[in-house]
Structures are given as C-alpha cells and as structure tokens.
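**Student:** the following block contains a protein sequence and its predicted model.
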Amino acid sequence: MRPAAAALRLPALADGVPVLRTLGGCQGHPEDPRDLAPKSPQSAKRAEEPSAGVIDSQSVKGADTVPRPTRGYDANKKINGRKRFIVTDTLGLLLAACAMAASVQDRDGAKTTRLSLYLMTPVRFVFADAGFAGALVGWTRRILSSTLHIVRKAPGRSGFAVIARRWVAERTLVWLTAHRRLARGYERTPATAEAMILWAAISGMARRLTRGHAESTAGVELRFDLTLLKHSRECLILIY
C-alpha cells in the first residue's frame, strides 16, 4: 500500500490526541490511577486509603518533538529535556504526577505536585530526599497544612545507599521508564506527557490487580470505545 493511501486509513490527529490532555483531570472512572490505587493495597492487606506519600523527580532527555519553551537543561544531571515529578503511596502506586522543563528546581517544581496531591487525596504526610529541603518544607506546612519529611543518608555514609522510604518512588520511576514512550520525552505539551505517565501507571496497577489470577477473558470486559475517542473530549476510557 502506498504511504498516501495508508495515511488515509488512519484517524485524523485531532480525533485522538486532545483527549490525552484531559486524561489527568478525568474523575470518577475505574481507569483513573487514583481509583485503581485504593483497590490494589487490599491485595497486599493494607488499608484502602494511603497513609503517606513519597515524592521524587526524574529528568529525561527530550526528543526533537519537545518544543524549546517546555524543555530545559538540568545542570545537575546534565540532561536537556523534561523533568517528571511523581508522588506514590508507600507501596509505590502513583498518586500524582507533573511534567515540566528539566531546568526547574526540585523544590520549585514540587509545589505543583504537592498541590495536586493535596486536592486529590487525603495524604498529608510526604517523604522526600534532601533535594526538596529548604523553603518547600515551610511552604508545605504553611500553605497545605501538611508535613514534608526529609529523609537523609545516615551520618558518615557516602556513595550509593538505599535510603528508607525514598526507594519506593525511585522504583516506580524505573517501572514507568520501562515503557518505551517514557524512555525519553517525546510529547509536545507537558499535559500530554502527564497523561502518558498516568497511562503507564494504569498498566502497572492493572497487573497488580490481576496478579495470581489465571489469564482468562472470562468475566473481564475488554473494550476500546472508538466513538468516545473520536467525539468525546472529557476522558479516554480503557476498560481492562
């Protein structure tokens, strides 16, 4: 098939991409990571509501498709691209995610993520590494009436060390980066990048929910609503 003819068989770009921009703000659907997360701890014999969160950031290289206004240079990691901020619960399940230029300092970019967490979840205690120390701790206490607890290395410890609590969010970042679309920054807008993070989190949470069950389609609804994809701008529904 000639390339021109093949292109005509694909949906228009405007039919699908805009729904990704609102995926992060979609509420009340079982495919939202914030709705899947309370169910997953039950299988681990934990309380439904998360008791605490863990915040971390990750800088990834930006592809040529990432425009200059939404990308930056992380001098610490020597990476030109975007920075992802995530908050997970103590199991590593995603609670909030934000994407912005890699040049944004951790303590500045974390404010947006912490505010999202405050509005969407009851979590008021969050662990963080030393990169988030400083004015952010006081801002969290004063503005959000929450606690940002800085977890530091043991005195005298140098080099690599597994630090309590922090490794949970770092592991989640590794899980997310295992998805090829998140191996580097490809999206033109931060909103679409955040939607891709949520999509990857949905995949991981769905696997947790089905862990230990035989692979079968019995009793499982698998639907991709093309009509919604083409005409709705509220949310992209994927039912596992």
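**Tutor:** Everything's here; your move. Residues are numbered from 1 along each chain as shown.

**Student:** just the strands in the chain please.
**Tutor:** 53-61, 72-74, 79-89, 94-101, 125-128, 147-150, 223-224, 238-239 (DSSP state E).

**Student:** any chance of those in CSV, plus mean neighbour count, distance to residue 184 and mean pLDDT?
**Tutor:** Placement of C-beta: from N, CA and C, glycine included. Output for the strands of the chain, formatted as CSV (neighbours: other CB atoms under 10 Å; distance: least, CB to CB, whole Å; pLDDT from 0 to 100):
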stretch, mean neighbour count, distance to residue 184, mean pLDDT
strand 53-61, 24, 5, 96
strand 72-74, 19, 13, 96
strand 79-89, 25, 7, 96
strand 94-101, 24, 12, 95
strand 125-128, 22, 25, 95
strand 147-150, 16, 29, 94
strand 223-224, 10, 26, 42
strand 238-239, 15, 24, 36
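
**Student:** please enumerate the helices of this structure.
**Tutor:** 3-8, 13-21, 33-36, 40-43, 106-120, 135-143, 166-177, 190-209, 226-231 (DSSP state H).

**Student:** these: lowest mean pLDDT?
**Tutor:** With a mean of 40, helix 226-231 has the lowest mean pLDDT of the helices of the chain.

**Student:** ok, which of the strands of the chain comes nearest residue 196?
**Tutor:** strand 94-101 (8.7 Å; CB to CB).

**Student:** pull that closest one out as CSV, backbone CA atoms only.
**Tutor:** Provided in CSV are the C-alpha atoms of strand 94-101 (Å, rounded to 0.1, in the frame of the first residue of the first chain):
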residue,chain,number,x,y,z
LEU,A,94,1.1,6.5,41.7
LEU,A,95,-0.9,9.2,43.4
ALA,A,96,0.1,12.4,41.4
ALA,A,97,2.3,13.3,38.5
CYS,A,98,3.5,16.5,36.9
ALA,A,99,5.9,17.2,33.9
MET,A,100,7.8,20.4,33.3
ALA,A,101,11.1,21.7,31.9
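
**Student:** quick one: residue 106 from residue 64, how far?
**Tutor:** 26 Å (CB to CB, to the nearest Å).

**Student:** residue 93 too?
**Tutor:** 33 Å.

**Student:** neighbour-wise, which of the two wins?
**Tutor:** The neighbour comparison of residue 93 against residue 64 (other CB atoms under 10 Å) goes to residue 93, with 23 against 6.

**Student:** so that one sits against residue 202, correct?
**Tutor:** No: Residue 93 lies out of contact with residue 202 (CB atoms under 8 Å); the separation is 10.8 Å.

**Student:** residues in contact with residue 146?
**Tutor:** Applying CB atoms under 8 Å, 6 or more residues apart in numbering to residue 146 gives the contacts 114, 118, 123, 124, 125, 126, 140.

**Student:** how about 7 Å then?
**Tutor:** 118, 124, 125, 126, 140 (CB atoms under 7 Å, 6 or more residues apart in numbering).
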